[in-house]
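A.B. asks: Sequence plus predicted model, see below.
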Amino acid sequence: LDELTQELHRSEKAAYEKLIRIMSHEVNNTSGAVQSLLQSCLTYSRQIADADRDDFAGALEVAIRRTTNLDTFMRGFADVVRLPRPRLRDTNPWEIASQAGLLFRDRCEAAGIAWREACEPGLPPIACDQVQMEQVCVNLVKNSLEALESAGGGGEIVLRGGRRARRSFLAIRD
């Protein structure tokens, strides 16, 4: 059952990655054509009556800017499925998680959500990608915060770190 579940997850992940790549490709192709047409239309602004020229050019510039933002969003979205290879180096993930909590401290206080840390002292560094670990911790804290806010606020987010047998662990719980 575990093997089938893992295979199903791999298959679903591959399907989502393919879908995202296809969507990104199609949106970016369409966006490129639209931007080219908008830029061409912008050159006609000199032929528009003086009273309407600024509105015409402004509207086209907004559309160009929004299309550029869509391109950037889709590139970022596609990059999610193409995580770079981790650059492993000794890192303190508990400190990274603690700093992620600091980013949301004011928002937690405003929502009446307590931030608690319970990490064993002297935990050794582990080999991980610091940037990817930071992104994971920020996303977990943000998700916890949003879940508690949507439930009306209050509650707590707890960062725990320690050892079980010979392995270190990091947990973020709401």
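C.D. replies: All right, it came through fine.
A.B. asks: Okay, now the unreliable bits of this structure?
C.D. replies: Along the chain, the parts satisfying pLDDT under 70 run over 77, 80-83.
A.B. asks: any idea how far the residue positioned nearest the centre of it is from residue 172?
C.D. replies: Geometric centre of the chain, nearest residue: residue 139, 7.0 Å, by C-alpha atoms, centre = their mean. Going from residue 139 to residue 172 by C-beta to C-beta, to the nearest Å gives 10 Å. C-beta coordinates here come from the backbone N, C-alpha and C atoms, glycine included.
A.B. asks: check contacts around residue 122.
C.D. replies: For residue 122, the contact set (C-beta atoms under 8 Å, 6 or more residues apart in numbering) is empty.
A.B. asks: and if you look at residue 148?
C.D. replies: Taking C-beta under 8 Å, 6+ apart as the contact definition, residue 148 lies against 111, 113, 154, 155, 157, 174.
A.B. asks: quick one: the helices in the protein?
C.D. replies: Along the chain, counting by DSSP state H, helices occupy 2-43, 50-80, 93-103, 105-110, 130-150.
A.B. asks: okay if I get the ones you listed as a markdown table plus distance to residue 121?
C.D. replies: Converted to a markdown table, the helices of the chain look like this (distance: least, C-beta to C-beta, whole Å):
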| stretch | distance to residue 121 |
| --- | --- |
| helix 2-43 | 36 |
| helix 50-80 | 36 |
| helix 93-103 | 10 |
| helix 105-110 | 22 |
| helix 130-150 | 20 |
